[in-house]
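**Student:** Dropping the sequence and predicted coords here.
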Amino acid sequence: MMVLSRRSVLPVLVAASQAMVRPQTGWAQTGPWPSQSMRIIVVYPPGGLSDGMARALAEQLSLQLGVPVRVENRAGGGGSVGLQALARAQPDGHTLAFSAISPLTLRPHRGEQLHDPLRDIEPVASVMYTPVLLVATPAFAGRTFDALVQLARARPRALRWATSGMATAGHLVLEQVQLGSGIAVTHVPYKGGGQQLTDALGGQFELLSTNVAPAQLRYIEAGRLTPLAVGAPQRLDVLPRVPTFEELGLPHANVASLFGLFAPGGTSPALLDRLNLEINRALEVPAIRDRLVASDNLPVIGDRATFSRRIAQEWVSNRRLDRTSIKP
């Protein structure tokens, strides 16, 4: 998997379970492809970083393929609502979903998955790594991660920590912080990033897992949000004073969310390979690459097998989280 950035990204381990990679029998595609308009299901609400990137890719893919590519937002369930819609779609190469891998690698361990991620969803191409940023809102008087830990130990579950939903990367960070530091907080899951940012600015909770995005950075610069830690291989250029979770002694919380495009299960290998090729071509377009790098997200180009192995690796590593600890 090749990362198009000056910075390194989270290492992709070569040892991964093969349980996530199943034989592909494929749905028989007849005639030329694409033969009609395409759609990309975005499993998050409109207006966020993920939605913007999906729309930029849709526009570029439309230019490359010569057919309209529309974006459809299907938010909810930490991404599972949109992926369920993808699983029901025809496996003919005309429907994709844009999502982080966490709905596939964390939600199944909670026993709430409506589709089978090993059978109903096909990884097509990785797109980007997005650092997970922990910020404090005006409701929290502390200015450091140590202050968070001290207060949480003194007053278990008094601190409210919001994320964009159950079994998202932000939720995973929360759980890993609790396990690694021995604290207990109250999880406040949202259905996406827009409303939670508004509520954060209003002090409706003390802590927030969020993406590194222009809006968040503007509020940090204005002093309305206080960055405490970031999940990234190293400190971000845009936030050089903010430590990584690994620096804070919490390497398992040092999570950067991997996003990619997925197809319905049963899509033929030939179509999946063609889709992977076209998405990688789109990621090499300077306007798209520069858009990602400018927002401290890391474009990732890779083949389908590497993407599948990365998903398998995270699926296995998430099993170490006790199911009873994954709760609101």
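**Tutor:** Noted; the coordinates are in hand.
**Student:** so which helix or strand takes in Ser317?
**Tutor:** helix 304-318 (DSSP states H and E).
**Student:** Correction: the previous question concerned Glu278.
**Tutor:** If you go by DSSP H and E, Glu278 is part of helix 269-283.
**Student:** Quick check: buried residues in that helix?
**Tutor:** Neighbour-count burial for helix 269-283 flags 271-272, 274-276, 278-280, 282-283 (criterion: 16 or more other C-beta atoms under 10 Å). Where C-beta positions appear, they are placed from N, C-alpha and C, glycine not excepted.
**Student:** Please apply the same query to stretch 187-204.
**Tutor:** Per 16+ other C-beta under 10 Å, stretch 187-204 contains these buried residues: 187-194, 196-197, 199-200, 204.
**Student:** Likewise for stretch 131-147?
**Tutor:** Buried residues in stretch 131-147 (16+ other C-beta under 10 Å): 131-137, 140, 142, 145.
**Student:** Endpoints of that stretch, how far apart?
**Tutor:** Taking C-alpha to C-alpha, to the nearest Å as the measure, stretch 131-147 stretches 22 Å from start to finish.
**Student:** State the mean pLDDT of it.
**Tutor:** Taken as a whole, stretch 131-147 has a mean pLDDT of 96.
**Student:** how close does Pro165 get to Leu250?
**Tutor:** Slight slip there: residue 165 is Gly, not Pro. Distance, Gly165 to Leu250, using C-beta to C-beta, to the nearest Å: 21 Å.
**Student:** Quick check: the gap between Phe245 and Leu271.
**Tutor:** In terms of C-beta to C-beta, Phe245 sits 39 Å off from Leu271.
**Student:** if we can go back for a sec, now distance to Phe98 too, for the buried residues of stretch 131-147, in CSV please.
**Tutor:** Listed next are the buried residues of stretch 131-147 as CSV, based on distance: C-beta to C-beta, whole Å:
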residue, distance to Phe98
Pro131, 18
Val132, 18
Leu133, 20
Leu134, 24
Val135, 24
Ala136, 30
Thr137, 28
Phe140, 32
Gly142, 35
Phe145, 31
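**Student:** Of these, which belong to helices?
**Tutor:** Phe145 (DSSP state H).
**Student:** which one of the buried residues of stretch 131-147 is nearest Ser99?
**Tutor:** Val132 (15.3 Å; C-beta to C-beta).
**Student:** ok, and the closest non-adjacent residue to Gly265?
**Tutor:** Asp120 (4.3 Å; C-beta to C-beta, 6 or more residues apart in numbering).
**Student:** Was I right to think that neighbour contacts Pro264?
**Tutor:** Yes: contact criterion C-beta atoms under 8 Å: Asp120 and Pro264 qualify, at 7.0 Å.
**Student:** neighbour-wise, which of those two wins?
**Tutor:** Neighbour totals were compared for Asp120 and Pro264, and Pro264 leads with 24 against 19 (other C-beta atoms under 10 Å).
**Student:** so can I have TSV of the buried residues of helix 269-283 showing distance to Glu314 and pLDDT?
**Tutor:** What follows is those, written out as TSV (distance: C-beta to C-beta, whole Å; pLDDT from 0 to 100):
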residue	distance to Glu314	pLDDT
Leu271	25	97
Leu272	20	97
Arg274	26	97
Leu275	22	98
Asn276	19	98
Glu278	25	97
Ile279	20	97
Asn280	21	97
Ala282	24	97
Leu283	21	95
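**Student:** among those residues, which two are most distant?
**Tutor:** Put simply, by C-beta to C-beta the two of those set farthest apart are Leu271 and Leu283, 18.7 Å from each other.
**Student:** tell me which residues in stretch 222-230 are buried?
**Tutor:** 225-230.
**Student:** which stretches of this protein form helices?
**Tutor:** Using DSSP H, the helices of the chain run over 49-65, 80-88, 102-105, 145-154, 169-181, 193-201, 214-221, 269-283, 286-294, 304-318.
**Student:** Can you tell me which of the ones you listed is most buried?
**Tutor:** helix 102-105 (a mean of 26; mean count of other C-beta atoms under 10 Å).
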